[in-house]
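Peer 1: Need the 3D shape of this:
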Amino acid sequence: MDQSGAIQETLAQGEHCIIAVQGVVCAGDSLQSRLLGLVRCGPEYALFLYNHRRMAITGEDVSLDKVVPITRNFTVEEVSPDCDLHVLGSDVTVWIESEEISLTVRLPFGSHTRTFLQEVIRSCPAPCPGVSDPQFRWLGRYRCAGQGEEQQPKQHQQSQKLVLAVAGIPDAEELKANGKGVLGEQSSWIFEKPEAATTRSNKSKPEITSDMVRSSTVTVSDKAHILSMQKFGLRDTIVKSQLVQKEETYTYLQNFRFFVGTYNVNGQSPKECLRPWLSQDVQPPDIYCIGFQELDLSKEAFFFNDTPKEEEWFKAVTEGLHPDAKYAKVKLIRLVGIMLLLYVKQEHAVHISEVEAETVGTGIMGRMGNKGGVAIRFRFHNTSICIVNSHLAAHTEEYERRNQDYKDICSRMQFSQVDPNLPPLTIGKHDVILWLGDLNYRIEELDVETVKKLIEEKAFQTLYTYDQLKIQVAAKAVFQGFTEGELSFQPTYKYDTGSDEWDTSEKCRAPAWCDRVLWKGKNITQLSYQNHMALKTSDHKPVSAVFDIGVRVVNEELYRKTLEEIVRSLDKMENANIPSVTLSKREFYFQDVKYMQLQVESFMIYNGQVPCQFEFINKPNENSYCKQWLNANPSKGFLLPDSTVEIELELFVNKTTATKLNSGEDQIEDILVLHLDRGKDYFLSVSGSYLPSCFGSPLHTLCYMREPIQDLTPETIQELTLMPLQTEDDGTQEEKPLEIPKELWMMVDHLYRNASQQEDLFQQPGLRSEFELIRDCLDTGVLDTLPGSNHSVAEALLLFLESLPEPVICYSLYDTCLECSSNYPLSKQIISTLPTCHKNVFNYLMAFLKELLNNSGKNHLDEKILASTFGSLLLRSPAGHQKPDVAEKKKAQDFIQQFLV
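Peer 2: As a prediction, this is how the structure comes out:
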């Protein structure tokens, strides 16, 4: 996921983050996560390095560490690993050097890294006689970040050279160098260093060469060449598409053995050998797909990326792989406690290509990564495969939330393609999908003792009829088209840690098959599906499934013949007419658009006899092809002769766009320009009506609205929304304002009466369908009582505070609040200067949060959790403000926390 948006919020006007990529700084034994952003100001560029939270979505999630100006002496070169081995699909290592710093940077293999490095290389100033060197005056305001380190002597910098490793994971070749790896001797998986190597600063950086380019795929194994590859043309795209259509004429099926394992480790470190789980079969698998959940349950892992548990479990897995084969790690991806590892036998590695990995968080407010999914997709020979590891919402009654988590992962998980002209791939666009994880579906309608009795009798099929996942799949609510093997083993949750005894704690959780493996695709045969009772580290038992999967392997001779036929046919078409298409619809109306409720309209593009490439393009003097609330999916692509494609226009109003739509400053109106390469432009009209909402409305505006916002006229809403914020009521309004907005009161009062003792309040997400009902209730006043669960009302309250265009503590007081974060009397004085409605809301919320803390024995909340959750919503830095470092963020949290003690 490109996290440049978070960096952009930290920059001053006129500065733009072009692209960003994530890494980890390794200094000795220390691993520190960093986000690298390429920033442009006028004709000058610099690399910005940030500390960041794992989910770097807004500027609040990052703080600047150091800046590297891209001068004439700036260089970036690809290097090979020190161990003389290079693994296809592993992280890309580059050497970055300037006058001020030298870095060895390892970035994730894939198209996004390739684009990032292309942009960095392109930004390097070319030698130009008579032109003065860049001055970088705009960087003066950032020099304080990392200054102590940058001013050190260069020799000391080199001795303390920073190494960036994605996710802090050593590659298989590094393990081999440490004597703990699984890579064998030279094979087609590895690259040899050429004898001639250049030298810089006493470090060898040889070129990477390979003869592994296979003409049947657009993936090039020589990654040094990948970095300089130009954009794929229309002809290449057409050839590849026709090769896909004719695949059966030049491929044959061959079975490969896949091991798929999942283990919720409950925040524990590995305490026992994993071979009883990973190496139980006589025949070693060709590919390992291994997923973990709850890798680390600490607050540090929740808010930040760093955790020592990642390396501990990575090493434990590596040492537990089948001893009769040699493996190498292809990829590791982690989101907080959800980790997925992919290993392959080294003799098959030459046939692994197009490796991409992504994450989706589905926690509170749709962004926290305590729940969600991680995925790795790749091509094995000529078959596309996607592996998904997910940890869905907990608690027996929350099956609808689990269903929603599944749907969110499916809709939001997108992988970049090698060809930048093609839209991202979703999970469903793969030949084979293997889905594993702690899906958290429970046994319903049976009491604990009945469940245990059926398990003791091994009546698993009887028990299975009460399994929530089975019921939800039968209702077509989740996992449509997926298959699961027979559950012939006892449930994997919940045990007393270190034993095979069922949960004896006060809660006495009922046993359940939480940990599952499902699959989708053709030519898949499951050979085994079992739990592994021998492992006792966690309150879950690990699960494994072994498959024989038919993979399409290329017959090179037949492939060449097919390719020649396609090229000959294409040659004949190149002299054809200008491309032309027909659109099924050109005018689109979105009726009654609501806050945070997606609406979709679609149309078809019908192509004629000429292949064509299409793209929505920017209109003159505009930065995007559409307004912020609109998106076209796909926004670009290609069409073969006589083919069609469906385009979806997605309209979604969020906190960024709601205020101007409420006030009437913006309307649901836009014109899209669909451009054909070598052809004409087509114009599409988009219009609609927006239903105003309390979400996105200013606090003082809502205080003057005694009626629900949708009962007011557009003129009244506009007048009140555009009304300037005043410290005190100056009497210009006919009616006296409410002390706090009625909508805020309804949500807080509901939680006060119904949720003071609710476990995991403000930590577990609600249901989207229930949020929509709550929003409608607040905006229309139809119901006197809010619908939905306590968790849904709590999340609606957080979303309401996040949507305020002016936060509860006004932007102008942000710096002052940080300065007195440890001085309670001064902090109280600052709050007293807030505009009346803002001051009332702050005091009302603090009283409510203190009441929750009085019930901490039941709801398990503490001051730090609440200060962290509400601090970033009540006290937000203004747009364009330089974002604070970790210490300053702690001050913001401390400011709120002192009102809760």
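
Peer 1: Show me how far the host helix or strand of residue 858 is from its chain's centre.
Peer 2: Residue 858 is part of helix 856-859, with elements assigned from DSSP states H and E. Offset of helix 856-859 from its chain centre (CA atoms, centre = their mean, to the nearest Å): 32 Å.

Peer 1: tell me which residues in that helix are buried?
Peer 2: Across helix 856-859, burial judged by 16 or more other CB atoms under 10 Å covers residue 859. C-beta coordinates here come from the backbone N, C-alpha and C atoms, glycine included.

Peer 1: what element comes up after that helix heading to the C-terminus?
Peer 2: Heading C-terminal from helix 856-859, the first helix or strand you meet, by DSSP H and E, is helix 863-874.

Peer 1: other SSEs contacting that next one?
Peer 2: helix 299-303, helix 790-803, helix 836-853, helix 886-897 (3 or more CB pairs under 8 Å, 6 or more residues apart in numbering; DSSP states H and E).

Peer 1: ok, now with 6 Å
Peer 2: helix 886-897 (3 or more CB pairs under 6 Å, 6 or more residues apart in numbering; DSSP states H and E).

Peer 1: between the helix it packs on and helix 863-874, what angle do the directions make?
Peer 2: Put simply, helix 886-897 runs at 100 degrees to helix 863-874, going by axes from the mean of the first three to the mean of the last three CA atoms, to 10 degrees.

Peer 1: hang on, residue 491 packs against residue 516?
Peer 2: No. In this structure, residue 491 is not within contact of residue 516 by CB atoms under 6 Å, at 10.9 Å.

Peer 1: With adjacent residues omitted, what lies nearest to residue 614?
Peer 2: residue 676 (5.5 Å; CB to CB, 6 or more residues apart in numbering).

Peer 1: and residue 749, how many neighbours?
Peer 2: When counting by other CB atoms under 10 Å, one arrives at 12 neighbours for residue 749.

Peer 1: How is it assigned, secondary-structure-wise?
Peer 2: helix (DSSP: H, G, I helix; E, B strand; the rest coil).

Peer 1: Which pLDDT value belongs to it?
Peer 2: With respect to pLDDT, residue 749 has a value of 95.

Peer 1: ok, so what distance separates it from residue 685?
Peer 2: 45 Å (CB to CB, to the nearest Å).

Peer 1: mind listing the strands in the stretch 351-500 of the chain by residue range?
Peer 2: Ranges of strands in the stretch 351-500 of the chain, per DSSP state E, counting those that start in this stretch, are 352-361, 372-380, 383-391, 414-415, 425-426, 432-438.

Peer 1: hmm, back to that, which ones are touching the residue nearest to residue 614?
Peer 2: 579, 612, 614 (CB atoms under 6 Å, 6 or more residues apart in numbering).

Peer 1: what pLDDT does it get?
Peer 2: Looking at residue 676, its pLDDT is 92.

Peer 1: Likewise for the one 3 residues further on?
Peer 2: According to the prediction, residue 679 has pLDDT 86.

Peer 1: What about the nearest residue to it once chain neighbours are set aside, how many residues nearby?
Peer 2: Computed as CB to CB, 6+ apart, the closest residue to residue 679 that is not its neighbour in sequence is residue 579, at 4.3 Å. Residue 579 is flanked by 21 other residues according to other CB under 10 Å.

Peer 1: For residue 466, give its distance to residue 512.
Peer 2: Applying CB to CB to residue 466 and residue 512 gives a distance of 10 Å.

Peer 1: neighbour count winner among the two?
Peer 2: residue 512 (22 against 17).

Peer 1: what sits opposite that one in the beta ladder?
Peer 2: residue 493 (DSSP bridges).

Peer 1: Format the strands of the stretch 351-500 of the chain as CSV; extra columns: mean pLDDT, distance to residue 316 and mean neighbour count.
Peer 2: As requested, those are exported to CSV (pLDDT from 0 to 100; distance: least, CB to CB, whole Å; neighbours: other CB atoms under 10 Å):
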stretch, mean pLDDT, distance to residue 316, mean neighbour count
strand 352-361, 92, 21, 23
strand 372-380, 95, 18, 25
strand 383-391, 97, 17, 26
strand 414-415, 92, 28, 20
strand 425-426, 93, 32, 17
strand 432-438, 98, 18, 25
